[in-house]
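Visitor: Please work out how this folds:
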Amino acid sequence: MADKLETVVVPVLPRTEMFELGVACEVFGFDRSDDGLPTYNFSLIAGSPTPSRTRFGFTVDAPYDLAKIDEADLVVLPAGGTDTASLDDPSFLCGNGADASELEPLFERLRAAVDRGARVASLCTGAFLLGAAGLLDGRRCTTHWRHADRLAAMYPEALVDPNVLYVEDGPVLTSAGTAAGIDLCLHIVRTVQGSHVANTIARRMVVPPHRDGGQAQYVAMPLPEYECETLGPLLDWMTEHLEQDLPVPALAAKVHMSPRTFARRFTAETGTTPARWLRDQRVLAAQRLLEDSDLPVDVIADRVGFGAAAVLRQHFLRLRQTTPQAYRRAFRAADAVPVS
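Guide: Predicted structure coming up:
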């Protein structure tokens with residue numbers, strides 16, 4: 001893999017997403033030599049002959065010179081693609097349209113870049129371009145959590161992990177949605193040029209140089225929509241009484257079933273066990289209190305039925321890949337008010 005980071009190339013594609021493109025430009029295209037930082041030979045190139053029109057209606061003009069990829073140490077793929085029929089579709093995914101054949105010259109250059117050890121990185125749904133180029137087969141990768149299932153379905157040989165902010169698998173790197181692209185770009189700088197350079201760029205951008213956790217912190221987890229012939233009222237009651245001890249025999253008695261029948265029916269109607277369902281709902285309730293209240297973590301743990309902060313921390317880590325304290329720092333509402 002390339003041990004230098006001097007030449008950075010960003011292909012601009014039809015339906016390019018401006019935030020992800022801006023991330024690549026800000027990290028690698030901005031001259032910070034006044035801070036003693038390295039500068040990059042940075043180029044925007046047209047990824048296909050089709051004009052690079054954004055979702056906002058304007059066009060990005062870039063030289064059509066795919067040959068620049070041949071000398072790149074890093075190629076960054078923002079979200080974008082060629083499906084012009086989907087320009088107004090907010091769920092648009094790149095490289096998935098009738099005109100995707102236009103991208104084959106780009107794909108060929110990307111494969112050659114990986115073969116010679118250059119880094120190729122995607123931001124957000126740019127991972128679909130890497131999938132279409134065959135560069136995700138057998139590799140761990142990620143994309144925005146909303147599109148992870150579709151990425152896995154379209155490219156079944158890819159090892160899609162929807163729970164991380166970014167993944168490095170050899171020379172191929174992928175990031176989750178939107179701001180995770182900043183995390184990945186800073187990770188590349190840190191890996192090749194050291195923490196001082198990455199931290200100084202982050203300071204200039206007024207962003208954290210490194211974020212803990214994964215995408216699970218940012219996934220809204222509403223109460224599940226269930227079609228329960230028998231257990232709907234009980235689930236509502238359980239949600240309102242999470243602080244209580246709710247053993248299966250007591251729950252079964254409330255709906256006039258034996259514990260064995262209740263457990264079987266619960267799994268059939270909710271897709272999980274009573275114990276797992278309760279743990280997940282307690283984490284969700286704790287999450288809301290962490291966001292919206294000043295309550296200490298041990299009090300929150302007691303209120304949602306975990307009893308102790310250590311138990312809450314264990315299950316919060318499992319579901320959200322971060323600690324309650326770190327989650328509160330990241331998501332604490334500015335106007336939170338005490339909860340009595």
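Visitor: which of the residues in whichever strand or helix holds R313 are buried?
Guide: Here R313 sits within helix 309-320, counting by DSSP states H and E. Of the residues in helix 309-320, those scored as buried under the neighbour-count criterion (16 or more other Cβ atoms under 10 Å) are 309, 312-313, 315-317, 319-320. (Each C-beta comes from the backbone N, C-alpha and C, glycine too.)
Visitor: repeat for stretch 291-308
Guide: When burial is assessed from 16+ other Cβ under 10 Å, stretch 291-308 yields the following buried residues: 292-293, 295, 297, 300-306.
Visitor: Could you list which of these belong to helices?
Guide: Using DSSP state H to define helices, the subset of these located there is 292, 297, 300-303.
Visitor: Farthest pair within the residues you listed?
Guide: Comparing all pairs in those by Cβ to Cβ, the longest separation belongs to D292 and D302, at 17.0 Å.
Visitor: Which parts of the stretch 51-200 of the chain are strands?
Guide: With DSSP state E, counting those that start in this stretch applied, the stretch 51-200 of the chain shows strands at 52-53, 59-60, 74-77, 119-122, 140-141, 159-160, 166-169, 172-175, listed in chain order.
Visitor: now what about the fourth one, what contacts it?
Guide: Looking back up the chat, that one is strand 119-122. Counting by Cβ atoms under 8 Å, 6 or more residues apart in numbering, the neighbours of strand 119-122 from elsewhere in the structure are 1-2, 73-77, 110, 113-114, 129-130, 135, 143, 171-175, 184-185, 188.
Visitor: in its sheet, what does it sit against?
Guide: As defined by DSSP bridges, the strand partners of strand 119-122 come to strand 74-77 (parallel), strand 172-175 (parallel).
Visitor: where does the stretch 51-200 of the chain dip in pLDDT?
Guide: Applying pLDDT under 70 to the stretch 51-200 of the chain flags the ranges 81-100.
Visitor: can you give me the helices in it?
Guide: Secondary structure of the stretch 51-200 of the chain (DSSP state H, counting those that start in this stretch): helices located at 104-115, 127-132, 148-154, 180-193, 195-205.
Visitor: out of those helices, deepest packed?
Guide: Scoring the helices of the stretch 51-200 of the chain by mean neighbour count under mean count of other Cβ atoms under 10 Å gives helix 127-132 as the most buried, with a mean of 28.
Visitor: one step back: show me the one of the helices of the stretch 51-200 of the chain that comes nearest L251.
Guide: When the helices of the stretch 51-200 of the chain are compared for distance to L251 using Cβ to Cβ, the nearest one is helix 148-154, at 31.6 Å.
Visitor: Extract the CA atoms of stretch 54-64 and return them as CSV.
Guide: As requested, the backbone C-alpha atoms of stretch 54-64 are provided in CSV (Å, rounded to 0.1, in the frame of the first residue of the first chain):
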residue,chain,number,x,y,z
THR,A,54,-25.9,18.0,-8.5
ARG,A,55,-29.2,17.4,-6.8
PHE,A,56,-29.5,21.2,-6.4
GLY,A,57,-29.6,21.8,-10.1
PHE,A,58,-26.2,23.3,-10.8
THR,A,59,-23.3,21.6,-12.6
VAL,A,60,-19.8,21.0,-11.4
ASP,A,61,-17.3,21.6,-14.2
ALA,A,62,-14.2,19.4,-14.0
PRO,A,63,-11.6,18.3,-16.6
TYR,A,64,-12.3,14.9,-18.1
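Visitor: Just the residues contacting that stretch, thanks.
Guide: Residues contacting stretch 54-64 (Cβ under 8 Å, 6+ apart): 12, 15-18, 21, 43-46, 49, 51-53, 87-88, 92.
Visitor: one more time with 7 Å, if that's ok
Guide: With Cβ atoms under 7 Å, 6 or more residues apart in numbering as the contact definition, stretch 54-64 has outside contacts at 12, 15-16, 18, 44-46, 49, 51-53, 87.
Visitor: from those residues, which single one is nearest T125?
Guide: Comparing every one of the contacts of stretch 54-64 with T125 (Cβ to Cβ), the shortest separation belongs to R15, at 10.1 Å.
Visitor: Do you know the pLDDT at that closest one?
Guide: Looking at R15, its pLDDT stands at 80.
Visitor: My read is that it contacts G80, right?
Guide: Yes - using Cβ atoms under 7 Å as the test, R15 is close enough to G80 to be in contact (5.3 Å).
Visitor: okay, the two: which has more neighbours?
Guide: Just comparing R15 and G80: by other Cβ atoms under 10 Å the higher neighbour count belongs to G80, 32 against 22.
Visitor: Which residue, other than its chain neighbours, is closest to the more buried one?
Guide: Nearest non-adjacent residue to G80, counting by Cβ to Cβ, 6 or more residues apart in numbering: L13, 3.3 Å away.
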